[in-house]
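Trainee: Dropping the sequence and predicted coords here.
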Amino acid sequence: MTQKSLRRIAVKIGSNVLTRKDGTLDITRMSSIVDQVAELHRRGMEIILISSGAVASGRSELRLSQSLDSVSARQLYSAVGQAKLINRYYELFRDHGIACGQILTTKENFSTRRHYLNQKHCMDVMLANNVIPIVNENDTVSVTELMFTDNDELSGLIASMMGMQALIILSNIDGVYDGDPFSPGTRLISDIHDAADASGCIAKSKSSAGRGGMATKYRIACKVASEGIAVIIANGKRDDILLDLMDKKNTVPHTLFHAAATPTSSVKKWIAHSKGFAKGSITVNEGAAEAMLAPTRASLLPVGVTAIDGDFEKDDIVRVVDADGKVIAWGRTSYKSDDARKLMGGRGGRPLIHSDYLYIDD
């Protein structure tokens, strides 16, 4: 994978890359990454940054006189820190004659196809006009149950939504190891072709500055790679890491998750990353389950439905479960729940979920 073969990439910068040990913003590292992004931008690459660091930035600015609960503290630090973070990016990119723009989003913004496409359109317009989008979760309005797991999850969603050729996740270690990365004798795994290749090696611990850890990175990387997008995990603390990955891939420590040969459609990518917003469930009989799970991926017809739970509207995402209650798929429904119940078990009519809008997590 060389710069010549890549024209559209997403780069996720973790909190541990952008912050010092004392929790303050590492301006030197931030400037170095911007210099590299600017160089790739000059080469003609379209780049989206998914940047952590807002909460850490705010924490370094404030000395609170009273104790706050975790949600309140996060909202306060983010409100102050996001302004500091984006202003610094603005100044650094301006020195290169490059414009950047801020996009703050929440998990709910991906729950409907309309909101999803609105965000995509905004970023498409920015890229078309040589503006670098800088994306972060809006922690000032997000609450615990509606937050992304961390920015790894957000970066995977952005990479899929924007049809990026690659997602580069910059962490504070070189990639995925076959054991504890800080123990003697452990080996860096350079290539992963399947989700099971290294799943047993992943530690469950979280990073010190962020909310995620390698387990989250591994899960997101496998999912994004399965959709036809290459994923690289590398050490953002290394000098010139982005340029070296593009120009000297074989000599730079990293882990590459190879992209699936057959890309997933844009609608199915949306469903795959938004299945947590399912508004209800449709139970199907054995024949319908077999037809949907077959390699040809048949549509779900009313005749195969035995039960419908929940209230949903046309185009909402719903779960599809088999007779044993196991979730076998997610899809965008063609009917609202009341109309779907009237058609349940009958023959004829349009599919409740067309195969083009059916996502199965193999």
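Mentor: Great, that's in hand.

Trainee: for the stretch 151-300 of the chain, what spans make up the helices?
Mentor: Ranges of helices within the stretch 151-300 of the chain are 151-161, 214-226, 241-247, 266-274, 286-293, based on DSSP state H, counting those that start in this stretch.

Trainee: Can you name the next helix or strand after the top helix by length along the chain?
Mentor: Taking DSSP state H as the criterion, the chain has its longest helix at helix 70-94. Using DSSP states H and E, the next helix or strand after helix 70-94 towards the C-terminus is strand 99-105.

Trainee: What lies in contact with that following strand?
Mentor: Defining contact as C-beta atoms under 8 Å, 6 or more residues apart in numbering, one finds that strand 99-105 is touched by 49, 82, 86, 89-90, 93, 119, 122-123, 126, 130-138, 154. Backbone N, C-alpha and C define where each C-beta goes, glycine included.

Trainee: how does it look with 6 Å?
Mentor: Here strand 99-105 makes contact (C-beta atoms under 6 Å, 6 or more residues apart in numbering) with 86, 89, 93, 126, 131-136, 138.

Trainee: Just give the nearest non-adjacent residue to residue 153, would you?
Mentor: Spatial nearest neighbour of residue 153, chain neighbours left out: residue 220 (5.8 Å); criterion: C-beta to C-beta, 6 or more residues apart in numbering.

Trainee: need the contact list for the one you found.
Mentor: 152-153, 156.

Trainee: now with 8 Å?
Mentor: Residue 220 is in contact with 152-153, 155-156, 169, 231, counting by C-beta under 8 Å, 6+ apart.

Trainee: center of this structure - which residue?
Mentor: Centroid-nearest residue in the chain: residue 156, 2.0 Å away (criterion: C-alpha atoms, centre = their mean).

Trainee: quick one: it and residue 223 touch, right?
Mentor: Yes - with contact defined as C-beta atoms under 8 Å, residue 156 counts as touching residue 223 (6.3 Å).

Trainee: any residues in contact with both of those two?
Mentor: Residues touching both residue 156 and residue 223 by C-beta under 8 Å, 6+ apart: residue 273.

Trainee: Reformat the contacts of residue 220 as CSV; add distance to residue 12 and pLDDT.
Mentor: Converted to CSV, the contacts of residue 220 look like this (distance: C-beta to C-beta, whole Å; pLDDT from 0 to 100):
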residue, distance to residue 12, pLDDT
152, 7, 88
153, 10, 88
155, 4, 93
156, 9, 91
169, 5, 96
231, 10, 96
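
Trainee: Now do the contacts for residue 298.
Mentor: Per C-beta under 8 Å, 6+ apart, neighbours of residue 298: 291-292, 355.

Trainee: Find me the pLDDT at it, would you?
Mentor: For residue 298, the model assigns a pLDDT of 93.

Trainee: Equivalent analysis for the one 4 residues further on, please.
Mentor: At residue 302 the predicted local distance difference test score is 94.

Trainee: quick one: it and residue 345 touch, right?
Mentor: Yes - the pair residue 302 / residue 345 is scored as a contact, 6.7 Å apart, by C-beta under 8 Å.

Trainee: higher neighbour count, those two?
Mentor: Between residue 302 and residue 345, counted using other C-beta atoms under 10 Å, residue 302 has the larger neighbour count: 21 against 12.

Trainee: For the more buried one, what are phi and psi?
Mentor: phi -60, psi -30 (degrees, to the nearest 10).

Trainee: Tell me how far it lies from residue 290.
Mentor: Distance, residue 302 to residue 290, using C-beta to C-beta, to the nearest Å: 17 Å.

Trainee: Report the contact partners of residue 357.
Mentor: Neighbour list for residue 357: 267-268, 271, 331-332, 334 [criterion: C-beta under 8 Å, 6+ apart].

Trainee: how about it, phi and psi?
Mentor: phi -120, psi 30.

Trainee: What confidence value was assigned to it?
Mentor: Note on residue 357: pLDDT of 91.

Trainee: Just give the nearest non-adjacent residue to it, would you?
Mentor: residue 332 (4.0 Å).

Trainee: now the one you found, which residues is it bridged with?
Mentor: Here residue 332 sits in beta bridges with residue 317, going by DSSP bridges.
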